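Undergrad: can't give you the sequence, but here's the structure:
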């Protein structure tokens with residue numbers, strides 16, 4: 001095994017100490033010209049890690065993004081910011097800029113959109129939002145903020161596993177939350193447990209029972225009455241498919257989850273105003289996560305369905321009124337027409353645009369070439385502005401991009417984003433504090 005292959009295995013291993021040591025060695029090898037990688041303007045601010053659900057430990061996510069040629073990688077986990085410190089440390093060791101945040105479901109039940117499916121395929125009146133650019137000094141506050149949410153969620157997770165067993169126990173499955181699901185997570189280290197963990201455990205037991213191929217496909221289509229596209233069926237018939245368990249998980253999430261899914265409570269999905277107020281108080285950037293009507297899911301885990309597009313103007317007015325600072329979206333998931341309309345409406349309301357592709361499967365690529373298209377290229381500058389906001393706000397609260405005491409508060413948002421992007425690009429990613437001197441020269 002080559003040195004690089006060994007280090008790439010260690011950077012995604014169980015020991016945080018070894019992961020960071022591997023990150024340091026890989027960074028040194030790269031700076032010595034011994035690692036081949038493309039160099040692109042691409043960025044990704046929305047990479048999940050093992051702290052929610054992902055094949056990547058935080059350091060491994062940073063390395064995968066760097067090796068793919070990205071300039072920025074951001075960790076965003078569901079109901080957890082546990083990956084943040086390792087992501088930042090690994091990014092500096094490797095030489096890639098980082099940003100950290102979290103994703104959380106919030107209640108719109110006390111708004112005019114209570115009866116709408118907003119951006120959540122599973123629930124009406126409950127939406128996903130992202131809190132981006134969390135300054136380092138507030139990470140512990142975020143952990144405390146999320147702790148009761150994850151505790152309530154785990155009560156529901158246990159109930160969901162029991163409901164699932166009521167459906168599949170007749171086929172010889174034996175799923176236990178504490179034995180089979182919890183060990184798949186980083187819950188003990190501040191991570192969260194999601195429906196994907198439950199479905200991953202189910203997928204593993206399915207493979208154990210039926211093997212990979214005809215018998216498993218027959219079980220899905222005949223016993224569980226799950227329709228399979230010809231593409232997905234071909235993948236599941238291929239026993240050599242390296243992404244098999246993730247493809248099967250995607251089938252279960254897209255076509256079986258709703259059979260045992262239990263709606264979350266208000267204790268688990270706090271009011272949207274409370275979440276946004278918290279983000280604003282700690283100097284982070286609350287971003288509504290636009291999904292848009294789905295015609296075909298790139299990851300295979302969302303059905304064709306209508307979401308915000310028919311009431312987008314009403315939604316964005318509400319988002320601005322609540323105090324969101326940004327809208328985040330994923331260019332690969334949307335049509336150019338959807339993006340053009342969204343961008344115009346967001347800019348009219350003075351909101352920042354943030355991009356990212358939620359990486360949570362081994363099949364997905366870290367790359368997002370859509371960002372290089374003319375209609376999305378400005379999202380690259382926005383990502384660098386996000387990095388600068390986070391690092392500068394971590395040094396002095398008033399240097400946050402949206403602080404009322406920001407030295408450039410009198411300028412337009414577009415001007416501030418351009419300025420912060422310039423500062424972010426000038427930062428040495430191996431020495432993030434270097435950004436402070438650059439900014440001080442402009443103040």
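TA: Received it, and whenever you're ready, just let me know what you need. Please read all numbers here as calculations on a predicted model, not as lab measurements. Numbering: from 1, shown residues only.

Undergrad: in a strand, that's where residue 287 is, yeah?
TA: Yes: using DSSP: H, G, I helix; E, B strand; the rest coil, the assignment for residue 287 is a strand.

Undergrad: just checking, it touches residue 327?
TA: Yes: shown here, residue 287 and residue 327 form a contact pair, counting by Cβ atoms under 8 Å, at 6.0 Å. To be clear about C-beta, it is placed using only N, CA and C from the backbone, and glycine gets the same treatment.

Undergrad: okay, the two: which has more neighbours?
TA: Legend: neighbour count by other Cβ atoms under 10 Å for residue 287 and residue 327, higher for residue 287 (31 against 25).

Undergrad: so who does residue 278 touch?
TA: residue 145 (Cβ atoms under 8 Å, 6 or more residues apart in numbering).

Undergrad: just say helix, strand or coil for it.
TA: helix.

Undergrad: on that earlier part again, list residues touching both of residue 287 and residue 327?
TA: Common neighbours of residue 287 and residue 327 (criterion: Cβ under 8 Å, 6+ apart): 352, 354.

Undergrad: how about the strands of the chain, start to end?
TA: Counting by DSSP state E, the chain has these strands, from start to end: 43-47, 72-78, 97-107, 126-132, 285-289, 326-329, 352-355.

Undergrad: and of the ones you listed, who's closest to residue 440?
TA: Among the strands of the chain, strand 97-107 comes nearest to residue 440, with 19.1 Å by Cβ to Cβ.

Undergrad: what is the neighbour count of residue 93?
TA: Residue 93, neighbours per other Cβ under 10 Å, totals 21.

Undergrad: state the distance from it to residue 47.
TA: Remark: distance between residue 93 and residue 47 (Cβ to Cβ, to the nearest Å) = 17 Å.

Undergrad: repeat for residue 214
TA: Per Cβ to Cβ, residue 214 is found 35 Å from residue 47.

Undergrad: try residue 75
TA: Going from residue 75 to residue 47 by Cβ to Cβ gives 6 Å.

Undergrad: and if you look at residue 428?
TA: On the measure of Cβ to Cβ, residue 428 and residue 47 end up 22 Å apart.

Undergrad: neighbour count winner among these two?
TA: A count of neighbours by other Cβ under 10 Å puts residue 47 above the other of residue 428 and residue 47, at 28 against 13.

Undergrad: ok, now which ones touch that one?
TA: 54, 56, 61, 65, 73-76, 356, 358-359, 366.

Undergrad: what two of these are the furthest from one another?
TA: Most distant of those, by Cβ to Cβ, are 56 and 356, 14.6 Å apart.

Undergrad: which one of these two has more residues nearby?
TA: residue 356 (29 against 23).

Undergrad: need the pLDDT of the more buried one.
TA: pLDDT, residue 356: 91.

Undergrad: phi and psi next, for it.
TA: Phi and psi for residue 356, reported as degrees, to the nearest 10, are phi 170, psi 150.

Undergrad: I'd say it and residue 44 touch.
TA: Yes: using Cβ under 8 Å, residue 356 is in contact with residue 44, at 5.7 Å.

Undergrad: what residues are shared contacts of these two?
TA: Common neighbours of residue 356 and residue 44, counting by Cβ under 8 Å, 6+ apart, are residue 74.

Undergrad: from the chain's centroid, how far away is stretch 78-93?
TA: Relative to its chain's centre, stretch 78-93 lies at 13 Å (Cα atoms, centre = their mean, to the nearest Å).
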